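K.L.:
what shape does this take:
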Amino acid sequence: MAPPHAETITPQSNYISQEDFEKRVQNGQILIIYNNKVYKLNKWIKYHPGGELAIRHMIGKDATDEINVFHPEYVFKKKINTFYIGEYEENTKLKEEKLSEQKLISQTYRRYYLKLHELGLYECNYWNYFYESIRYIFLIISAWILVIYGTQVWQYLLSAFFLGLFWHQLAFTAHDAGHNGITHNLLVDNLIGIFIADFMGGLSIGWWKRNHYVHHIVTNDPEHDPDIQHLPFFAVTTKFFNNLYSSFYKRTLYFDTPARFFVKFQHYLYYPVLCFGRFNLYALSINFLFNEENVAFRRLEISGMIFFWCWYTYLLSLLPSISTIVLYILISHMVTMILHVQITLSHFGMSTEDYGPLESFPKKMLRTTMDVDCPWWMDWFHGGLQFQAIHHLFPRVPRHNLRDCQRLVNEFCKEVGLEYHLYGFIKGNGIVLGALRDVANQAELLSKVVKSHNDKHLH
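P.N.:
Numbering: from 1, shown residues only. Presented below is the predicted three-dimensional model:
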């Protein structure tokens, strides 16, 4: 079934009080607020390109900032009017001090959002993709040549390194396609993402988008953000000791015996586990494509993953021995561990608190995300996405322009009194390991308490 047709309409005046708004939400209406207008999304939610959860996390809330920064202009200038039902009338008896502080932050943030547009920082320079494509092509051709013409083990292992680096680097462009940030055409960017992620990398771009959009909306929320839900291996907060229910995975994350064991040593296991992180992504991608409802390009993505395993298996078949094949698989996948470190580095050591629905979007993003400081000539290594806090504030700004946004983000933070977390790569890793160690120590203490309790009952 095709999604509901959206046409531009002129909103009619119909005032909805805060009390009426809240009552409607309680009765099951999927309502959001955008620019003090109320929109009903019951008929649209299942067709939302970013998945249902991204909308569900905003039900009953002011989604102005989230809609502005995650969507192209035609969405909030034309399409959204189809779902308009009235003007929002706020209850002035709410906590004015807290509300006014968060509103001031949001208003200032929107001013900087417009300033970035005026400065052309939302415009994509396609020469950057041309230069990156040369690097991608060099890496994949080198990987194949070293296997086809290689005669020594070190040449095969160098090929594995190049292939892993190819996957690592390619992920940055797949990220852009997933954010509809290359051509800004949803269909074209989807096809680019499928080619890169599925055909070249064996991962589902559809799964990534479903996961990543939720992560952007509820960053570092233990119950809702899948990017920090990694039991039994990692717990970034002691809240995971309470058998949390994951709204993303739709199951309880049990802090069971295996979890208690691994979490006690998680600061030692952090890098070793991430070496095998890509294998987990294969499993998540396959599960998504075969079990999830409403997958937009299911057949094409499955075809892409089949194609990936065909060419990767053929490449492995050219190697001279089983032991070389095993080494090749391990090295090519362990090289991508760098990407997993870069991804987790931005959030694992940051706040996981819930400040409630009144917390502004920019404050939450800056509280839960850190940036990595490095010289400009290392941007290729991080893909420009070491500026995750800036990316979370302005997710549709091309990653090649994020460094140029840094001065403005610093100005914004100073103006509204928020902290911009910026650390060097080594210090950032230290913060993450320290946070993991703190939780591990609590897990160790909990295990001792449980053991002591059990021993008393035995004797």
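K.L.:
contacts and neighbour counts: CA atoms only from here.
P.N.:
Fine.
K.L.:
can you pull the pLDDT of Ile59?
P.N.:
Looking at Ile59, its pLDDT reads 81.
K.L.:
now do Ile30
P.N.:
Ile30 is assigned 85 on the pLDDT scale.
K.L.:
how far away is it from Lys40?
P.N.:
Between Ile30 and Lys40 the computed distance is 6 Å (C-alpha to C-alpha, to the nearest Å).
K.L.:
cool, and Leu436?
P.N.:
For Leu436, the distance to Lys40 - C-alpha to C-alpha - is 41 Å.
K.L.:
what about those two, which has more around it?
P.N.:
Leu436 (24 against 20; other C-alpha atoms under 10 Å).
K.L.:
you'd agree that one is up against Thr238?
P.N.:
No: contact criterion C-alpha atoms under 8 Å: Leu436 and Thr238 do not qualify, at 10.1 Å.
K.L.:
confirm Val38 sits in a strand?
P.N.:
Yes: under DSSP: H, G, I helix; E, B strand; the rest coil, Val38 sits within a strand.
K.L.:
so who does it touch?
P.N.:
Taking C-alpha atoms under 8 Å, 6 or more residues apart in numbering, we find Val38 in contact with 16, 31-32, 84-88.
K.L.:
what's the closest of these to His215?
P.N.:
Nearest to His215 among the contacts of Val38, counting by C-alpha to C-alpha, is Ile32 at 18.9 Å.
K.L.:
who's the closest one bridged to?
P.N.:
Tyr39 (DSSP bridges).
K.L.:
around it, how many other residues sit close by?
P.N.:
Neighbours of Ile32 under the rule other C-alpha under 10 Å: 24.
K.L.:
ok, Glu293 next?
P.N.:
The local packing of Glu293 (other C-alpha under 10 Å) involves 10 other residues.
K.L.:
distance of it from Gly51?
P.N.:
10 Å.
K.L.:
same check on Ile32?
P.N.:
If you go by C-alpha to C-alpha, the gap between Ile32 and Gly51 works out to 16 Å.
K.L.:
for His400, which non-adjacent residue is spatially closest?
P.N.:
In this structure, His400 finds its nearest non-sequential neighbour in Gly384, 5.7 Å apart by C-alpha to C-alpha, 6 or more residues apart in numbering.
K.L.:
circling back to that earlier point, the contacts of Val38 in strands, which ones?
P.N.:
16, 31-32, 84-88 (DSSP state E).
K.L.:
closest one of those residues to Glu66?
P.N.:
Distances from Glu66 to the ones in strands among the contacts of Val38, taken by C-alpha to C-alpha, are shortest for Ile32, at 11.0 Å.
K.L.:
hang on, that closest one packs against Gly60?
P.N.:
Yes: counting by C-alpha under 8 Å, Gly60 is a contact partner of Ile32 at 5.3 Å.
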